[in-house]
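# With the input below, show me the fold.
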Amino acid sequence: MKNKNHFTYKKEYTTCFTQIPNTLIYSQRYAHLSINSKYLYALLLDRIQLSLKNHYLDSKGRAYIFFSREEAAKILGCGLNTSGKVFKELVSADLIEEVQQRGKRANIIYVKMPIESQRNEENVKKAKEAKKVLAQKRREYLKKINTSIKVKQSKLAALKKKLAAMKKEFAQKPILTIQESDIEKIKEQIDYNYFTYACPEQLPIVDQLVQSIAEMSVSDSTKINGCYHSAIHLLDTLSSVDTNCILDLADHIRNSVSWGSVRHKTAYLKSLIYNFVSQRELEIAAFSCPGF
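Prediction:
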């Protein structure tokens, strides 16, 4: 019958193994041991784990086991003579120590740990060099990190300084206050009542336009198209805003597809008012020129 019992993730951890120490396999100290001796030592090593777990210890705290020649012969599949030779090999290699007991009781067996083979000086030297190289790489890496941190700290300090200056400038800047009389003056200028009765649907946009014009009138300077314009410079332009101008502006805004995506609507309206009125004045001036 074909064996279909393959290793799987679960079986790998539910199956018990008897392990042979690598020292017995690769060390020259134990190269003379037979396969049976190494296998028997692995069995004794496995049994000593049970003794440790069950606290089978002598007065000196050493773990011990009971493992007869007959049991070893049965597991190894050999005779008693061969089993006895295997035990002698382990004793001569100083891997186990047997203590005879009176009568027919089984011997007490102390299992010893293998003696590691002597270190290869060349490998030790390579390991030291590799450790030095790794330490140097770590120092260089830490140096780069520290340099990067210092650069970022310098940039952060510059940003904090700039932010403090901006806060100071903002604190010193007078707060823009618009009086109700300023709003009423603009409404009277554009005949606000006309929009109330004739086109009330445009009042939200008209109110925004009125607010923007009032801010431009009372502010010391207004940023338009990337340049600052003083209130005195804007006075003539703003004074020419009338009902027709507001109607045209409102229609333009309502029909503008991009109006909903405008983030800073107040700044946009101020630029729109200035550009619209300036263009209107140029057209009127051109129309009034002789020979037009």
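
# which stretches of this protein aren't confidently modelled?
Per-residue confidence of the chain (counting by pLDDT under 70) places the weak regions at 1, 4-15, 117-123, 169-176, 257, 259, 281-292.

# which residues of it fall in helices?
Along the chain, the stretches classed as helices by DSSP state H are 9-14, 22-26, 35-53, 69-76, 80-92, 121-172, 180-190, 192-198, 203-218, 231-239, 243-255, 265-288.

# do you know which of these lies nearest residue 3?
Each of the helices of the chain was scored for nearness to residue 3 using Cβ to Cβ, and the closest is helix 9-14 (12.8 Å). (Glycine included, C-beta is placed from N, CA and C.)

# centroid residue for the protein?
Central residue check for the chain by Cα atoms, centre = their mean: the C-alpha nearest the mean position is that of residue 145, 16.9 Å away.

# Could you measure from that one over to residue 138?
10 Å (Cβ to Cβ, to the nearest Å).

# Over to residue 77?
Distance of residue 77 to residue 138, computed by Cβ to Cβ: 55 Å.

# do residue 151 as well
As judged by Cβ to Cβ, residue 151 and residue 138 stand 21 Å apart.

# repeat for residue 105
Distance of residue 105 to residue 138, computed by Cβ to Cβ: 60 Å.

# Only the buried residues of stretch 177-195, if you could.
By neighbour count with 16 or more other Cβ atoms under 10 Å, stretch 177-195 contains the buried residues 182, 183, 186, 187, 189, 190, 192, 195.

# Only the C-alpha atoms, please, for that stretch, written as PDB.
Output for stretch 177-195, consisting of C-alpha atoms alone and laid out as PDB, is shown next (Å, rounded to 0.1, in the frame of the first residue of the first chain):
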ATOM      1  CA  THR A 177     -14.600  96.300   9.800                       C
ATOM      2  CA  ILE A 178     -17.500  97.100   7.500                       C
ATOM      3  CA  GLN A 179     -20.200  99.500   8.800                       C
ATOM      4  CA  GLU A 180     -23.800  99.100   8.000                       C
ATOM      5  CA  SER A 181     -23.700 102.500   6.400                       C
ATOM      6  CA  ASP A 182     -21.000 101.200   3.900                       C
ATOM      7  CA  ILE A 183     -23.400  98.400   2.800                       C
ATOM      8  CA  GLU A 184     -26.300 100.800   2.500                       C
ATOM      9  CA  LYS A 185     -24.300 103.200   0.400                       C
ATOM     10  CA  ILE A 186     -23.500 100.400  -2.100                       C
ATOM     11  CA  LYS A 187     -27.100  99.300  -2.200                       C
ATOM     12  CA  GLU A 188     -28.300 102.800  -2.900                       C
ATOM     13  CA  GLN A 189     -25.600 103.100  -5.600                       C
ATOM     14  CA  ILE A 190     -26.800 100.000  -7.500                       C
ATOM     15  CA  ASP A 191     -30.600 100.500  -6.700                       C
ATOM     16  CA  TYR A 192     -30.800  97.300  -4.600                       C
ATOM     17  CA  ASN A 193     -34.600  97.600  -4.400                       C
ATOM     18  CA  TYR A 194     -34.800  96.900  -8.100                       C
ATOM     19  CA  PHE A 195     -33.300  93.400  -7.500                       C
END
